[in-house]
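[1] have a look at this fold, sequence not included:
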Ligand SMILES: Cc1cc2nc3c(=O)[nH]c(=O)nc-3n(C[C@H](O)[C@H](O)[C@H](O)COP(=O)(O)OP(=O)(O)OC[C@H]3O[C@@H](n4cnc5c(N)ncnc54)[C@H](O)[C@@H]3O)c2cc1C
């Protein structure tokens, strides 16, 4: 049995200080719905857990003014049922409600969802409880060991943003919706506060897939802000998976559009389940903007999103499926215009 220190932080400043004192061997814990899993699998082995689940203010949900602001430890379930989110930003509510299960959403936080690690079969399987090395090579788990997914069971793997070292899919639904909505993330770290666009949080795997986030050790996510926009009303998060609930995406699309009559005047499109990070598709947006909406145009936009995709042995279906998911999402969003 390994010793584990456990600190309940009373404030964000205290959490950051405790992390610094642990010399890199710490992890923040919020809802614990994924970190405890990874600890049981031996993939995460922190010597110090810093519980942030009781920090006052980090659970706030603010919907007045020009921004939506969610404290990082607001629960997924609470954000999804917030009236403004539910009624004016279906893209956000649906991305939360189509993730995990109600029991998990009652525990899991919107911040933890952004920072969860991949569900890649080879990353998670075979690690065992005694060793993080595991049965299968995985460059994300054990840098330099190789990637068993490449040439292996790759049906669930990414087709966009992959490298010769890693094809693991970014798992979260909520980060895809936030990417389409140009969310910003606020952090408190040892060097103070900073705010970054969500697209800057996630790294492409390249030849360092074990480095997943552009964060310095000990940075605590404090809040998520989203600029309010009329496009929220004509938006959706559309997710296709192996079963209708309680499963990660095979392909998903978060879309928000604005239209003048039949013409699409602006669009935001992000993809999930198909890429190594939440994937904004400006190529798809370019196809749509300024054009009269039609099913044919929507499918062309979807196909443009996958023009640079690279499939393996068993996941080529994601190119066709992903394009159709984008097209269907656009049809749902367009159908919501007043
Ligand atoms: C069976 C199952 C099915 C699931 N299905 C889906 C799904 O379909 N779609 C989906 O999107 N997700 C799914 N999930 C994942 C689930 O949504 C996440 O486990 C959850 O959102 C994580 O939130 P948490 O608060 O429990 O995070 P924790 O487990 O507490 O933490 C997760 C990670 O984030 C870090 N962290 C947490 N908060 C902060 C912070 N404020 N600052 C810095 N670091 C922080 C932790 O150190 C840890 O590394 C599923 C999970 C399970 C177990």
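    Everything's here; your move. Predicted, not measured: the structure shown is a model, and the values here were computed from it.
[2] is stretch 208-223 in proximity to the ligand?
    Yes - Stretch 208-223 reaches the ligand (CB under 6 Å from any ligand atom) through 220, 221. For every residue, glycine as well, the C-beta is placed using N, CA and C.
[3] repeat for stretch 161-179
    Yes - residues of stretch 161-179 contacting the ligand under CB under 6 Å from any ligand atom: 171, 172, 173, 174.
[4] now the residues you listed in a markdown table, with secondary structure?
    A markdown table is the format used below for the residues of stretch 161-179 next to the ligand (DSSP: H, G, I helix; E, B strand; the rest coil):
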| residue | secondary structure |
| --- | --- |
| 171 | coil |
| 172 | coil |
| 173 | coil |
| 174 | helix |
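[5] tell me the spacing between whichever residue of the stretch 101-250 of the chain sits closest to the ligand and residue 309.
    Across the stretch 101-250 of the chain, the shortest distance to the ligand (CB to the nearest ligand atom) belongs to residue 112, at 2.2 Å. Applying CB to CB, to the nearest Å, the value for residue 112 to residue 309 is 29 Å.
[6] quickly find the element holding residue 322.
    helix 317-334 (DSSP states H and E).
[7] let me know the average pLDDT across that helix.
    Helix 317-334 shows an average pLDDT of 98 in the prediction.
[8] start the count at 783, not 1, going forward
    Got it, the first residue is 783 from now on, which makes the last one we talked about helix 1099-1116.
[9] buried stuff in it?
    1100-1101, 1103-1116 (16 or more other CB atoms under 10 Å).
[10] which residues does residue 1107 contact?
    By CB atoms under 8 Å, 6 or more residues apart in numbering, residue 1107 lies in contact with 1020, 1021, 1022, 1033, 1034, 1035, 1084.
[11] cool, residue 947 as well?
    Residue 947 neighbours (CB under 8 Å, 6+ apart): 921, 929, 987, 988, 989, 990, 991.
[12] could you dump these to JSON lines with neighbour count, pLDDT and distance to residue 861?
    JSON lines is the format used below for the contacts of residue 947 (neighbours: other CB atoms under 10 Å; pLDDT from 0 to 100; distance: CB to CB, whole Å):
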{"residue": "921", "neighbour count": "25", "pLDDT": "97", "distance to residue 861": "34"}
{"residue": "929", "neighbour count": "26", "pLDDT": "97", "distance to residue 861": "35"}
{"residue": "987", "neighbour count": "24", "pLDDT": "98", "distance to residue 861": "29"}
{"residue": "988", "neighbour count": "13", "pLDDT": "98", "distance to residue 861": "32"}
{"residue": "989", "neighbour count": "11", "pLDDT": "98", "distance to residue 861": "36"}
{"residue": "990", "neighbour count": "15", "pLDDT": "98", "distance to residue 861": "32"}
{"residue": "991", "neighbour count": "25", "pLDDT": "98", "distance to residue 861": "30"}
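[13] partner strands of the helix or strand encompassing residue 1020 and their direction?
    Per DSSP H and E, residue 1020 falls inside strand 1017-1022. Sheet pairing for strand 1017-1022, assigned by DSSP bridges, gives strand 1033-1042 (antiparallel).
[14] circling back: comparing residue 894 and residue 1091, which residue is more hemmed in?
    Neighbours around residue 894 and residue 1091, counted as other CB atoms under 10 Å, are more numerous at residue 894. The numbers are 25 against 19.
[15] for that one, grab phi and psi.
    The phi/psi pair for residue 894 (degrees, to the nearest 10) reads phi -60, psi -30.
[16] you'd agree it is up against residue 816?
    Yes - between residue 894 and residue 816 there is a contact at 6.7 Å, judged by CB atoms under 8 Å.
[17] in stretch 1077-1089, what's buried?
    1079, 1080, 1081, 1082, 1083, 1084, 1085, 1086, 1087, 1088.
[18] in TSV: the residues you listed, plus secondary structure.
    Listed next are the buried residues of stretch 1077-1089 as TSV, based on three-state DSSP:
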residue	secondary structure
1079	helix
1080	helix
1081	helix
1082	helix
1083	helix
1084	helix
1085	helix
1086	helix
1087	helix
1088	coil
